[in-house]
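Peer 1: Turn this into a model:
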Amino acid sequence: MKYGIWTDFYGDLNLVTALSRLSAHGFKYVEYSFEHILALEKEGSEYAFKNIVEAATSLGVTALQMHGPSLEWTETYSIVCRDEEIRRLCVERTCRWIEYCYRLNVPVFIEHPGSMPAKTSDELKALEKLNIESFKHIAKFAEDRSVKLAIENIFDFKPEKLEGVRFLKYPASYGSTIDEIRRICEATDPDVVGICFDTGHANYQGLDVAKAVIECGGLLRAAHIHDNDGSGDQHLSPLRGSIDWKSVIDSFKSIHYDGLLSLEVFGEKHQSIAVRDNRLRSLMIVMENLLR
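Peer 2: Take a look at the predicted model:
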């Protein structure tokens, strides 16, 4: 199995320098972060994208995933916004980022489902309908560029962690269960649209993480790997939270997942580059041992 890391681990460095540092520490696979792609977009030159492709090739680093612009979505600006014009603009922006993905030779594009706090099952169904409508347009654009979509599981505003129970005290967020993500995939184009499974989000949601991997099955296209203690979305290194990593890795193996296990460990970042370098070495030791 392949593991790698998202480039924002060195988010204060430009993308070429970040790739160089990751390569020097032995990382062969990466996910291009939202933050680094946003910086490329702001630079706005064709050369910037070409430079990244050439740098990755020369460094022997392969980008297998890229995160989309859903990290900037809000309740009033997203692909499920009730305002049709804003919804159209968000779909177009996502498609523009898929074009970046294509130009950077990245095979899998990751996006969150559109969501906002839902207080009833009817509100949740309305969000499902808007997600399906938007992702149909996005999937067609991705298919034309031979890019696969991976929709990431998120989490409810405040999970109750009671199996099968939602809306007990807090709103729900569409896409917090694997079944909800699967419904988007199956209603759009499952040959193009699959799942990005986020281990930390699943754990915070109160899902059985190993069983959730199995539930993804053949729709699994990408993975975000991080840990937490169940009380928040802490993005810690594996083995620093409450996830049973042996059972999770066994589940990935059992469904023959051959994509990237991308470390998305915000909680391990530090203002000191030297500290981050050491933590990077630690992350490699952890992953090598987990995947033995």
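
Peer 1: In a strand, Ala222, correct?
Peer 2: Yes - assessed with DSSP: H, G, I helix; E, B strand; the rest coil, Ala222 lies in a strand.

Peer 1: Surely it and Glu264 touch.
Peer 2: No - contact criterion CB atoms under 8 Å: Ala222 and Glu264 do not qualify, at 10.7 Å. To be clear about C-beta, it is placed using only N, CA and C from the backbone, and glycine gets the same treatment.

Peer 1: Which neighbours do the two have in common?
Peer 2: The contact sets of Ala222 and Glu264 overlap at Glu31 (CB atoms under 8 Å, 6 or more residues apart in numbering).

Peer 1: More neighbours: these two, which one.
Peer 2: Each of Ala222 and Glu264 had its neighbours counted (other CB atoms under 10 Å), and the higher figure belongs to Ala222 (28 against 24).

Peer 1: which residues does that one bridge with?
Peer 2: Per DSSP bridges, the residues bridged to Ala222 are Cys196.

Peer 1: heads up, I number from 21, so please use that
Peer 2: Renumbered: residue one is now 21, and that last one reads Ala242.

Peer 1: Identify the residues contacting it.
Peer 2: Applying CB under 8 Å, 6+ apart, the residues contacting Ala242 are 51, 84-85, 128, 130, 170, 172, 214-217, 279-280, 282.

Peer 1: do the same with Ile106
Peer 2: Thr96, Tyr97.

Peer 1: and the gap between it and Ile99?
Peer 2: Ile106 sits at a distance of 9 Å from Ile99 (criterion: CB to CB, to the nearest Å).

Peer 1: Which helix runs longest in this protein?
Peer 2: helix 141-164 (DSSP state H).

Peer 1: Can you work out which other helices and strands pack against the very next helix or strand once past that one?
Peer 2: As assigned by DSSP states H and E, the chain's next helix or strand after helix 141-164 is strand 168-172. On a contact count with 3 or more CB pairs under 8 Å, 6 or more residues apart in numbering; DSSP states H and E, strand 168-172 meets strand 128-131, helix 141-164, helix 198-207, strand 213-218, strand 240-245.

Peer 1: from memory Asp297 sits against His45, does it?
Peer 2: Yes - Asp297 lies in contact with His45 (CB under 8 Å); the separation is 6.9 Å.

Peer 1: Just the helices from the stretch 21-170 of the chain, written as ranges.
Peer 2: 35-44, 54-63, 66-79, 104-123, 141-164 (DSSP state H, counting those that start in this stretch).

Peer 1: Those helices: which one's closest to Asp249?
Peer 2: Comparison of these against Asp249 by CB to CB identifies helix 54-63 as nearest, at 25.2 Å.
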